[in-house]
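S.K.: mind looking at a prediction? Sequence and model below.
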Amino acid sequence: MIIKKKSLRYLLYRSFEEKLKPKEEARLNRILENSLDLKKEKEAVRQMRQMLSDIPEFDFSPDFGERVMRRWREEASREGRARSFDEYLSSFFLKLAYIGTAVALLLVIINFILGDVLSSEEILFASDSVYETLLNLPFF
């Protein structure tokens, strides 16, 4: 039944683009008489096409598909431009910061599980004397 509905929907949409064969048109009309959902869909599509065709950018002429593909290719080529070195560098350091934060958090959790007390020496693997030495350096 799904395949049949798909083929009917295909027939419906094709009827907007081209003249159907008499047999296909009769089949579509017969189905539209019996299906309220398909009739509503046809009316919705017709209204949308009418609304869009009033805008000059949306002209459903025979070359509509070609124009859509050309515009899509233009957009894709603009997005596909080469990234600058700064963009690569900032992207790299952002990923590095995420990884570093995850590793530091993992180490804190491991230290907390393995040790009784969570001191700065356990967290940062350095003693207070190292911090005092660093703070007494001339560039601080």
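M.R.: Here it is on my side, so go on.
S.K.: shouldn't residue 11 be in contact with residue 26?
M.R.: No - under the criterion of Cβ atoms under 8 Å, residue 11 makes no contact with residue 26, lying 11.2 Å away. Backbone N, C-alpha and C define where each C-beta goes, glycine included.
S.K.: who touches both of these two?
M.R.: Contact with both residue 11 and residue 26 is made by no residue, according to Cβ atoms under 8 Å, 6 or more residues apart in numbering.
S.K.: any idea how the protein splits into domains?
M.R.: For the chain, automatic domain parsing gives the domain ranges 2-79, 85-135.
S.K.: so which helix or strand of this protein has the lowest pLDDT on average?
M.R.: Averaged element by element with mean pLDDT, DSSP states H and E, the chain has its least confident helix or strand at helix 120-124 (a mean of 60).
S.K.: can you check which helix is longest in the protein?
M.R.: As far as residue count goes, and with DSSP state H defining each element, the longest helix of the chain is helix 85-114.
S.K.: ok, now how distant is residue 87 from residue 40?
M.R.: According to Cβ to Cβ, to the nearest Å, residue 87 stands 48 Å off from residue 40.
S.K.: typo on my end, residue 91
M.R.: 48 Å.
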